[in-house]
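> Generate a structure from the sequence data that follows.
(chains A and B)
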Amino acid sequence: MADLNQLWKKRLWGFWEDAIRYLRIIAMGYFYFPILLLIGLAFLYQYLSSHLPSSFPLGWILSLFLAWLLARSRPRTFFEEADLIFLRPVQHLMGSYFRKSLIYSFLIYSIEMVAILALLSPLLGIYLVGNGQILPYLLPILCLLLWNLFLAGQEMRARQPLSIGYRVIRFVLTLLVCLQIFRVISPYWILNILVLFIIAYIYWKKAKKENYNWTFLLQVEREKKASFYSFIHWFMETPEQQTSMALRKNLRFHFLRLPYKTSSSYFYFYLKSLIREKEVFFPYIRLTIISAALMFWQVPLYVSLILLIMALLLNGFQLYQVWPRLDSFWFHLYPLPRRSREDGFLKSIFILLALHMTIMAVSFSWSQGFGKGSLLWTMGIFFLVSWIYIWIRKKIRIQL
Amino acid sequence: MGRPVLQVQEIIGGYVKGKPVLHRVSIDVQSQEMVGLIGLNGAGKSTTIKHILGLLDPFEGTILLEGKKRKDFPAEYSSKISYIPETPLFYEHLTLWEHLELTAMAYQLNQPDFEKRAKELLQEFRMERMVNWFPSTFSKGMKQKLMIMNAFLTEPSLYVVDEPFVGLDPRGIQSLLQMLEKRKREGAGILMSTHILSTAEHYCDQLILLHEGRVILRGTLEDIRQQTGMEKASLEEIFLTVTEVQRNG
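Numbers count the residues shown, from 1 in each chain, chains lettered A, B, ... in the order given. Alright, predicted model coming up:
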């Protein structure tokens, strides 16, 4: 079984060789602009954090966020579709593979946890009980992470993916422990250890007789892979990017009734595609909501303008990255001028970003008055028109 | 005798200059005519089709559609061809109805005509129920039906049909053949590449046998029988004999 023992190493390096290639390109500053945006956001975070009220419920927010993150943690297996045929029959010999997968996932998630706590460390001492050191929080969080990963590993043996009820219970238990870690509620460590240990034992006892559910294993791996490449997607387009569609039946695009004419063909295609593709539209919505919420803060107009431009750049970057991917064989056969494809794409991006910008401006008007809001909106439109129709047009024209 | 729709004149073509796949291939398709393009795998059928569609440019020779070159009238040239690919190629972001709608927009169909025609096609291919589904959820046959409906939504002068029967159920095959026949009677020319030789024998007015990038036989079935001296043979028998002889030199 030498091959099976080598398999984990092979898969792990296979993934990381590819990942390092992408990360190196990002780190080398080849795609410097999004990095600058992130740095700008960090400055803004610092500015906003100094203006937070003293009663800011950081413990609750952090507990909810970490509990959500921990409860959805799952081991990364690096399985491929063909493994359903080739590896499933020998899964009883793969104990070491699964163990390595658990250890690897624990290490990766641990780095994530350390990064989150390090990022928030200036706030920990101010809003939480204690002297702001990371270690007292980190150790129990890592134990909780291990518990969650162990349970997730056992759940992969379930014949059917576990119902939402199980997931809610796991989340609530994780949240309860997190609240104790951040001293939002009084800790009962012995009770915690006892309850968590008993649950883990019951899971293990029940699951050990079952084989792995390979359909579920592959689905989890697909999701994990997709989430990594969606991170890369913020910086560049990758062939590994997986896409999933949502029909958005409720929208039906009535609010965007398009004129039924030849010149609308590409606009019709791109607007629908961008709205339907989950990997593009969810981040768009997320960023729109977050940036609109940030506009409620009473900050000087120039800070809001920087924030607005950064949010539009971030959203614009991820929208425009889809250009090479949203190509089709049929585009080469349509009796349409080649430039009309470019126009349709830019118009779709403009509509989505103008909507984003308008929501931000409305939220800004709410807190700072209509006059300032209108000014911000006008500046935003001016920025969008010049950025999309000059800069992005130039970028995509090269690739036509 | 119909008017010339497609004239492929002595083209030399392929993917890499200096390594041609097609060697002086000529094809004529008249209006009200169905021409069958047959040959073994790798004979050059798909490459020929790519040149006709304008996806590849010939190294030598010319291709005329209703007397016009693609280079001179790109939009007009494209609007006169409908293509049914061998492998269904669809937009994963659009539903079945939206595929039809996009085609109608791109080919300048007016909305009432489009809706009438689209509904007839959906009924003919029994796809009304799937109208708001994404094609990625379709079976292979359904995906092929989507390609066929798209092609028949417009009324071009030339239909280029590449292995259209793969995955289709018998009723779907019958509907497709009937529609091709109907469009042929109405004046269109059809170039069909297929491995189903009995269908080619039955439906095609002219046959072209491609082998290793060269036309080795052309004409009606009668002409081909005479050329090969196999007077009572079926197309399949002729095909097998000729390609075997070619293989043995």
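> use CA for all of it now, contacts and neighbours both
Noted.
> do you know how far A:Trp147 is from chain B?
According to Cα to the nearest Cα, to the nearest Å, A:Trp147 and chain B sit 38 Å apart.
> With A:Leu52 instead?
Relative to chain B, and taking Cα to the nearest Cα, A:Leu52 is found at 43 Å.
> The residue of chain A found nearest chain B: which element?
Proximity of chain A to chain B (Cα to the nearest Cα) peaks at A:Pro335, 4.2 Å away. Following DSSP states H and E, one finds A:Pro335 outside all helices and strands.
> Could you find the closest non-adjacent residue to it?
Of all residues beyond its chain neighbours, the one nearest A:Pro335 is B:Ala75 (4.2 Å), with distances taken as Cα to Cα, 6 or more residues apart in numbering or on different chains.
> how far does stretch B:11-20 stretch from start to finish?
10 Å (Cα to Cα, to the nearest Å).
> Please read the previous query as pertaining to stretch A:84-96.
Note: stretch A:84-96 ends 18 Å apart using Cα to Cα.
> For that stretch, the averaged confidence score.
For stretch A:84-96, the mean per-residue pLDDT is 86.
> which residues sit against it?
Contact partners of stretch A:84-96, identified using Cα atoms under 8 Å, 6 or more residues apart in numbering or on different chains, comprise A:Leu4, A:Asn5, A:Asn211, A:Tyr212, A:Trp214, A:Thr215.
> What residues of that stretch count as buried?
Neighbour counts using 16 or more other Cα atoms under 10 Å in any protein chain shown place A:Leu87, A:Arg88, A:Met94 of stretch A:84-96 among the buried residues.
> Off-centre distance for that stretch?
31 Å (Cα atoms, centre = their mean, to the nearest Å).
> ok, back up a step: would you enumerate the residues in contact with the residue nearest to A:Pro335?
A:Tyr334, A:Pro335, A:Leu336, A:Pro337.
> From A:Trp366, how far off is it?
According to Cα to Cα, B:Ala75 and A:Trp366 sit 50 Å apart.
> Do me a favour and average the pLDDT over the helix or strand where B:Met192 lies.
Under the criterion of DSSP H and E, B:Met192 resides in strand B:189-193. Average pLDDT, strand B:189-193: 96.
> So, low pLDDT: which residues of the chain?
Just so you know, I chose chain A. A:1-2, A:29-38, A:40-41, A:44-49, A:126-127, A:129-132, A:241, A:249-259, A:398-400 (pLDDT under 70).
> that's the wrong chain, I meant chain B
For chain B, the ranges with pLDDT under 70 are B:1, B:246-249.
> Could you pull out the strands in it for me?
B:4-13, B:22-30, B:33-38, B:60-65, B:81-84, B:158-162, B:189-193, B:206-211, B:214-219 (DSSP state E).
> and the closest residue to B:Gln111 other than its chain neighbours, how far is that from A:Arg341?
Distances taken as Cα to Cα, 6+ apart place A:Tyr260 nearest to B:Gln111, at 7.2 Å, with adjacent residues excluded. Distance, A:Tyr260 to A:Arg341, by Cα to Cα: 16 Å.
> of the contacts of stretch A:84-96, closest to A:Ser273?
Comparing those against A:Ser273 with Cα to Cα places A:Thr215 closest, at 28.1 Å.
> who are the neighbours in contact with that closest one?
By Cα under 8 Å, 6+ apart, the contact list for A:Thr215 reads A:Leu84.
> The strand holding B:Met192 to strand B:158-162, inter-axis angle?
Counting by axes from the mean of the first three to the mean of the last three Cα atoms, to 10 degrees, strand B:189-193 points 10 degrees away from the direction of strand B:158-162.
> Am I right that the residue nearest to B:Gln111 sits in a strand?
No: A:Tyr260: not assigned to a strand; according to DSSP: H, G, I helix; E, B strand; the rest coil it is coil.
> For chain B, which residue gets nearest to chain A?
For chain B, Cα to the nearest Cα, closest residue to chain A: B:Ala75, 4.2 Å.
> what about the residue nearest to B:Gln111, distance to B:Leu102?
For A:Tyr260 relative to B:Leu102 (Cα to Cα), the value is 10 Å.
> Mind listing the shared neighbours of those two?
Joint contacts of A:Tyr260 and B:Leu102 (Cα under 8 Å, 6+ apart) do not exist.
> Which one's more surrounded, those two?
B:Leu102 (21 against 18; other Cα atoms under 10 Å in any protein chain shown).
> Return the residues in contact with the more buried one.
Per Cα under 8 Å, 6+ apart, neighbours of B:Leu102: A:Ser265, A:Tyr268, A:Phe269.
> hmm, try it at 7 Å
Shown in contact with B:Leu102 (Cα atoms under 7 Å, 6 or more residues apart in numbering or on different chains): A:Ser265.
> A:Gln298 in helix, strand or coil?
Three-state call for A:Gln298 (three-state DSSP): coil.
> same check, this time on A:Phe235
Under three-state DSSP, A:Phe235 comes out as coil.
> What about it, how many residues nearby?
The burial count for A:Phe235: 22, using other Cα under 10 Å.
> ditto for the one 10 residues further on
Applying other Cα under 10 Å, we find 19 other residues in the vicinity of A:Met245.
> how about the closest residue to it other than its chain neighbours, what does it touch?
Distances taken as Cα to Cα, 6+ apart place A:Glu277 nearest to A:Met245, at 4.9 Å, with adjacent residues excluded. For A:Glu277, the contacting residues are A:Thr243, A:Ser244, A:Met245, A:Ala246, by Cα under 7 Å, 6+ apart.
> The third one contacts A:Arg276, doesn't it?
Yes: with contact defined as Cα atoms under 7 Å, A:Met245 and A:Arg276 form a contacting pair (5.4 Å).
> Can you pull the residues that touch both of those two?
B:His93.
> How far away from the center of its chain is the helix or strand harbouring A:Leu123?
Using DSSP H and E, A:Leu123 sits within helix A:95-127. Put simply, helix A:95-127 sits 16 Å off its chain's centre (Cα atoms, centre = their mean).
> following that helix, which helix or strand shows up next?
helix A:135-155.
> Can I get that following helix as PDB, trimmed to CA atoms?
Provided in PDB are the C-alpha atoms of helix A:135-155 (Å, rounded to 0.1, in the frame of the first residue of the first chain):
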ATOM      1  CA  LEU A 135      -2.700  33.400  24.000                       C
ATOM      2  CA  PRO A 136      -5.400  33.000  26.700                       C
ATOM      3  CA  TYR A 137      -8.000  33.200  24.000                       C
ATOM      4  CA  LEU A 138      -6.100  31.200  21.400                       C
ATOM      5  CA  LEU A 139      -5.600  27.900  23.300                       C
ATOM      6  CA  PRO A 140      -9.200  27.200  24.200                       C
ATOM      7  CA  ILE A 141     -10.300  28.300  20.600                       C
ATOM      8  CA  LEU A 142      -7.800  25.800  19.100                       C
ATOM      9  CA  CYS A 143      -9.300  23.000  21.400                       C
ATOM     10  CA  LEU A 144     -12.700  24.000  20.200                       C
ATOM     11  CA  LEU A 145     -11.500  23.900  16.600                       C
ATOM     12  CA  LEU A 146     -10.100  20.400  17.000                       C
ATOM     13  CA  TRP A 147     -13.500  19.300  18.500                       C
ATOM     14  CA  ASN A 148     -15.400  20.800  15.600                       C
ATOM     15  CA  LEU A 149     -13.100  19.200  13.000                       C
ATOM     16  CA  PHE A 150     -13.300  15.800  14.700                       C
ATOM     17  CA  LEU A 151     -17.100  16.000  14.600                       C
ATOM     18  CA  ALA A 152     -17.100  17.200  11.000                       C
ATOM     19  CA  GLY A 153     -14.900  14.200  10.100                       C
ATOM     20  CA  GLN A 154     -17.300  11.800  11.700                       C
ATOM     21  CA  GLU A 155     -20.300  13.500  10.000                       C
END
